[in-house]
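# need a 3D model of the sequence below.
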Amino acid sequence: TSPAPVGDVFCSRTQPTHPQCSTPSTNPRGLRFCYCRPCRLLSRLSTMLPDHIARPLIERGLREGTYPQRLYKYRRFDAYTEDIFRNHSLWFSGPLAFNDPFDCQIRDAGNYTRNDIHTYCNTRGVPAQQAAQIADLFQQNPDNLLQLLEEAKNEAITTKGVLAMSQVRDNILMWSHYADSHTGFVLGFTLPEDISFFITPFHAIYVDAYPTFQYLRDDDLIVTNGILSKSRLWEYEQEIRILKRTQGSHAFAPTALTEVILGARISTQNRDRLLQHLRQYGFQHVSVLQATAHNSRYELELNPIPFP
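Here you go, the predicted model:
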């Protein structure tokens, strides 16, 4: 297939393996992406995809290697740990709550015309006559445009719910950062067991500079690139972000949780408590592994332990 237009940007796979994916190309913003059909469709429709449309695209992506079969969530023990198992749910945060202050940063390119403002208002349901008046007002007083730009950004980003997951389960840095210095745990989810929960998945985009957009023209790109762009320094995380329309707790099918890994420095008390949660709340099918530090290399060994 030929490279997609800029508006169809989706993922950051620079070595695509699925057959329908073309050689990655560089778009006018200097970023490299995958342009296979599922990627283009998911990007274009963003998080507004109804399940009956998104599901076959994700199923195809799982068959062709766009998505891994399993994703992992690193966790520390806190007051909400039991809720994960009791309610079969995970929390989708707002993008502004991420731990990296450089995350989800977007630079507005500006240079708006009166027609840009008029078109943006029309697409938001503002009657034509009123949209024209608003466009005239902003053109006469550009300072007022800042408020409209902020509203456009908030509408596109801050209301979305995001769950950050990884394709790897044994990264020692991630165990330190997200699992409380190896005292926490990692949850392994099998995507085909509950595709609805993973609608809509996007590969993180690792770049050297903030993405540049025009808020009033590129609202779709603000979602797919603004929420997904991270510094290249984080590339080792191999992150996939699940985007929902709303923030908060979203339930998953218990069968989707298929693996739990205990941290190399987990306390006996937390270990016993976690295993009890698995037994008590219907997760007896889960495989449990214990992480231990390798005795001669900077890596973890993961060994199964008897359960239930």
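# the strands in the stretch 201-308 of the chain, which residues?
Ranges of strands within the stretch 201-308 of the chain are 201-203, 205-207, 212-213, 229-231, 239-244, 248-251, 257-262, 287-293, 300-304, based on DSSP state E, counting those that start in this stretch.
# per-residue confidence averaged over the last one?
Confidence over strand 300-304 (mean pLDDT, whole number) is 97.
# tell me which of the strands of the stretch 201-308 of the chain sits nearest to Y80.
Of all the strands of the stretch 201-308 of the chain, strand 248-251 sits nearest to Y80, with 9.2 Å by C-beta to C-beta. The way it works is simple: take the backbone N, C-alpha and C, and place the C-beta from them, glycine included.
# show me what the closest one is packed up against.
Counting contacts by 3 or more C-beta pairs under 8 Å, 6 or more residues apart in numbering; DSSP states H and E, strand 248-251 is packed against strand 89-92, strand 161-166.
# okay, now the sheet partners of that strand, with direction.
strand 89-92 (antiparallel) (DSSP bridges).
# please name the residues that touch the closest residue to S249 other than its chain neighbours.
Leaving aside its sequence neighbours, S249 sits nearest to S89 (C-beta to C-beta, 6 or more residues apart in numbering; 4.5 Å). Contacts were defined as C-beta atoms under 8 Å, 6 or more residues apart in numbering; by that measure S89 touches 83, 249-252.
# for those residues, which single residue is the most surrounded?
Of all those, the highest neighbour tally under other C-beta atoms under 10 Å goes to F252, namely 20 neighbours.
# and the residue nearest to it when sequence neighbours are not counted, how far from V207?
Spatial nearest neighbour of F252, excluding adjacent residues (C-beta to C-beta, 6+ apart): F197 at 4.3 Å. Distance, F197 to V207, by C-beta to C-beta, to the nearest Å: 28 Å.
# okay, the residue nearest to S249: pLDDT?
S89 carries a pLDDT value of 98.
# over to the one 4 residues further on?
Confidence at S93, expressed as pLDDT, is 90.
# number the chain from 799, please
Taking 799 as the first residue, the last one we looked at is S891.
# what's opposite the closest residue in space to it that isn't next to it in sequence in the beta bridge?
Nearest residue to S891 in three dimensions, chain neighbours excluded: V960, at 5.9 Å (C-beta to C-beta, 6+ apart). Note on V960: beta-bridge partners by DSSP bridges are S891, L1041.
# so what's V960 up against?
Taking C-beta under 8 Å, 6+ apart, we find V960 in contact with 890-893, 896, 1025, 1039-1042.
# go again with 10 Å.
845, 890-893, 895-896, 901-902, 1000, 1025-1026, 1039-1042, 1045 (C-beta atoms under 10 Å, 6 or more residues apart in numbering).
# where exactly do the helices run in this protein?
Assigned helices in the chain, in chain order: 835-843, 849-862, 879-884, 912-921, 926-938, 943-951, 970-976, 1017-1019, 1066-1078 (criterion: DSSP state H).
# buried set for the longest one?
Buried residues in helix 849-862, counted by 16 or more other C-beta atoms under 10 Å: 852, 855-856, 858-860, 862.
# which of those lies closest to I1059?
Nearest member of the buried residues of helix 849-862 to I1059, counting by C-beta to C-beta, is L860, at 22.2 Å.
# residues contacting the closest one?
For L860, the contact set (C-beta under 10 Å, 6+ apart) comprises 836, 866-867, 989-990, 993, 996, 999.
# repeat the analysis, applying 7 Å as the threshold.
Contact analysis of L860 by C-beta atoms under 7 Å, 6 or more residues apart in numbering lists 867, 989-990.
# please apply the same query to L1041.
Taking C-beta under 7 Å, 6+ apart as the test, what L1041 contacts is 845, 958, 960, 998, 1000, 1025.
# quick check: pLDDT value at it.
You'll see L1041 listed with a pLDDT of 89.
# how near is it to G892?
From L1041 to G892 the distance is 12 Å (C-beta to C-beta).
# ok, R853 next?
Distance from R853 to G892, by C-beta to C-beta: 26 Å.
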